[in-house]
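Student: sequence first, then the predicted structure, then my questions.
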Protein chains: 4
Amino acid sequence: MITVPKMSLADAKLILDASEARAVQIGVPMDVAVVDDGGNLLAFHRMDGAKLTSIEIAINKAFTAAGTRKGTHEYAPVGGPGGPAFGIHASHQGRFTIFGGGLPIQVEGHTVGGVGCSSGSPEQDREVAQAGIDALFRSLGHPSA
Amino acid sequence: MITVPKMSLADAKLILDASEARAVQIGVPMDVAVVDDGGNLLAFHRMDGAKLTSIEIAINKAFTAAGTRKGTHEYAPVGGPGGPAFGIHASHQGRFTIFGGGLPIQVEGHTVGGVGCSSGSPEQDREVAQAGIDALFRSLGHPSA
Amino acid sequence: MITVPKMSLADAKLILDASEARAVQIGVPMDVAVVDDGGNLLAFHRMDGAKLTSIEIAINKAFTAAGTRKGTHEYAPVGGPGGPAFGIHASHQGRFTIFGGGLPIQVEGHTVGGVGCSSGSPEQDREVAQAGIDALFRSLGHPSA
Amino acid sequence: MITVPKMSLADAKLILDASEARAVQIGVPMDVAVVDDGGNLLAFHRMDGAKLTSIEIAINKAFTAAGTRKGTHEYAPVGGPGGPAFGIHASHQGRFTIFGGGLPIQVEGHTVGGVGCSSGSPEQDREVAQAGIDALFRSLGHPSA
């Protein structure tokens, strides 16, 4: 038996608040999802003006990041045409996401969850997800990832 | 073309806060979901200690209530064994929920969305959903439903 | 090789118009679907005020009626608790519908399709579906089914 | 709570009629779907001779356009091989459509729904969808999009 850190709803809300603040800054309302270490949804907010199709995409990005312990953008070259894992985007009934906007949340060497953002470009989505994780780290007194 | 009221994320957060406060009062941490008039997720919080399987159930309850414009508890006698719509619970790939805990949100004669709660008994789930809707109505200066 | 009658879009529209007129008469706006002899959607209208969840249910009823060549209400005793085909409502990913509101369209001994209605009681849904079929038969110079 | 415009079935029928007229003009019978602002089906017609597989594709195009507020053709370069969102076509169980023929319907700055057409080339499908939207705008006294 081991002991692991686990996110609370308060942690997830803190991430959502910071991601939403960044989304407002860059002028792109987003769907933002936070999942726990089991890949299961902890919290989700759809900002006014965010895309409807991005509800599921944001959740899928968070799920993929938590499950793979990688940013979803890292799978673009791996899972894209010609990549060594081409086709992986169709797994989990299409939930496995291979473009940017999903980031794992790693605390003390453990992946405690993932954040997924969607509605902007993959780069914008990733920036907004990172802002949420940065805020969590600040609250924990950790340096940014 | 007609004109209808539509919920904002602020409205959904207000509902979540009030539902969560009631869930704390009755000592049953819950999954709480708010969907819009199209049945699409607007906001979701899983309280610490809420059930994992209730993530989907809460979302489904909110979806069913928004789509049918009825409380999901109203479908228990209709869709249960011997009821006139037995079998309806299997529709929408099993998303159609026929036990309590999902309530429609009705403003000025329009169904603007639904709230779904899960983790307790159907009665507890319904009480917590109602607390969220009551808070929304108070914020709008409306009498409770 | 045999020769069979087949519905056109004009036939389907004629059914929809008559079903919608009846739905207006009884004051219950409905989702109305017409499928062809392959169970595939030919036409669908969601009347203003019809239920969102009934989109899929209306289509499923039409599909079930065309596929079984029976009214969906005939499956209530067969597929309900204690019936000889209990559980059949879960087949086709929950699309097989065992409560009223879906009727087969039978012309010259051939099942050419199905009509499915949803938003009211199973009896109301069935009445509205029948009104559509009656109108089709009148247009063909046939006596009502 | 905000106030938004919403399409009626009459609006959807007007779109279908105009799209069907254009499809007749170019000699390509089509499946035509109209969804509302929540991505939910409002009306669907399969013209005589339209493709069976295009039933679902037309509905998915309308869903994608309403949800993303973009024409589905705009996703071809973004979601195709080498594009920044490659893999997005697998989301929503494959419903997210990245080739032409789906267009959002935007009224007074709000996306009130989407039109999806299928059976021809992506360009033909898009032309037929646009003809439907143009007719809606004419009926509203708006300039074409």
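Tutor: Great, that's in hand. Residues are numbered from 1 along each chain as shown, chains lettered A, B, ... in the order given.
Student: wait, does stretch A:59-77 contact chain D?
Tutor: Yes. Applying C-beta under 8 Å from any C-beta of the partner chain, one finds stretch A:59-77 touching chain D at A:60, A:76. C-beta: built from backbone N, CA, C; applies to glycine.
Student: and for stretch A:32-52?
Tutor: Yes. Counting by C-beta under 8 Å from any C-beta, chain D has neighbours in stretch A:32-52: A:48, A:51-52.
Student: quick check: PyMOL command selecting the buried ones in these.
Tutor: With 16 or more other C-beta atoms under 10 Å in any protein chain shown as the criterion, this PyMOL line picks the buried residues out of these:
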select buried, chain A and resi 51+52
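Student: how about the residues of stretch A:32-52 next to chain D in CSV, adding distance to chain C, secondary structure and pLDDT?
Tutor: Compiled in CSV, the residues of stretch A:32-52 next to chain D are given as follows (distance: C-beta to the nearest C-beta, whole Å; DSSP: H, G, I helix; E, B strand; the rest coil; pLDDT from 0 to 100):
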residue, distance to chain C, secondary structure, pLDDT
A:D48, 21, coil, 98
A:K51, 19, coil, 98
A:L52, 14, coil, 98
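Student: can you name the residue of chain A nearest to chain C?
Tutor: Closest contact between chain A and chain C, by C-beta to the nearest C-beta, is at A:Q93 (12.7 Å).
Student: and the strand or helix carrying that residue, what does it pack onto?
Tutor: Using DSSP states H and E, A:Q93 sits in helix A:91-94. Other helices and strands packing on helix A:91-94, by 3 or more C-beta pairs under 8 Å, 6 or more residues apart in numbering or on different chains; DSSP states H and E, are helix D:91-94.
Student: buried residues in the helix it packs on, which are they?
Tutor: Across helix D:91-94, burial judged by 16+ other C-beta under 10 Å covers D:91-92.
Student: export that helix to PDB, keeping only CA atoms.
Tutor: Taking C-alpha atoms only, helix D:91-94 is exported to PDB below (Å, rounded to 0.1, in the frame of the first residue of the first chain):
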ATOM      1  CA  SER D  91     -14.500  13.100 -31.300                       C
ATOM      2  CA  HIS D  92     -18.200  12.800 -30.400                       C
ATOM      3  CA  GLN D  93     -18.000   9.200 -31.500                       C
ATOM      4  CA  GLY D  94     -17.000  10.300 -35.000                       C
END
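Student: still on that earlier bit, my guess is the residue of chain A closest to chain C contacts D:Q93. True?
Tutor: Yes. Counting by C-beta atoms under 8 Å, A:Q93 does reach D:Q93; the two are 5.6 Å apart.
Student: what about A:Q106, which SS state?
Tutor: Assigned by DSSP: H, G, I helix; E, B strand; the rest coil, the conformation of A:Q106 is strand.
Student: what helix or strand does the residue in chain A positioned nearest to chain B sit in?
Tutor: Going by C-beta to the nearest C-beta, chain B is nearest to A:F44 of chain A, at 4.3 Å. Take DSSP H and E as the rule and A:F44 turns out to sit in strand A:41-46.
Student: now that strand and strand B:41-46, what's the angle there?
Tutor: On the basis of axes from the mean of the first three to the mean of the last three C-alpha atoms, to 10 degrees, strand A:41-46 is oriented at 150 degrees to strand B:41-46.
Student: and the following helix or strand past strand A:41-46, what other elements does it pack with?
Tutor: Moving toward the C-terminus from strand A:41-46, the next helix or strand (DSSP H and E) is helix A:53-68. Secondary-structure packing of helix A:53-68 (3+ C-beta pairs under 8 Å, 6+ apart): strand A:31-36, strand A:41-46, strand A:102-107, strand A:110-118, helix D:54-68, helix D:91-94.
Student: could you single out the most deeply buried of these?
Tutor: strand A:31-36 (a mean of 31; mean count of other C-beta atoms under 10 Å in any protein chain shown).
Student: isn't A:F99 up against A:P122?
Tutor: Yes. Using C-beta under 8 Å, A:F99 is in contact with A:P122, at 4.8 Å.
Student: neighbour-wise, which of the two wins?
Tutor: A:F99 (27 against 23; other C-beta atoms under 10 Å in any protein chain shown).
Student: list the contacts of the more buried one.
Tutor: A:72-73, A:75-76, A:122, D:84-88 (C-beta atoms under 8 Å, 6 or more residues apart in numbering or on different chains).
Student: what's the angle between the strand holding A:F44 and strand B:31-36?
Tutor: Going by the same axes, to 10 degrees, strand A:41-46 makes 20 degrees with strand B:31-36.
Student: give the pairing partners of strand A:41-46; include direction for each.
Tutor: Its sheet considered, strand A:41-46 pairs with strand A:31-36 (antiparallel), strand B:41-46 (antiparallel) by DSSP bridges.
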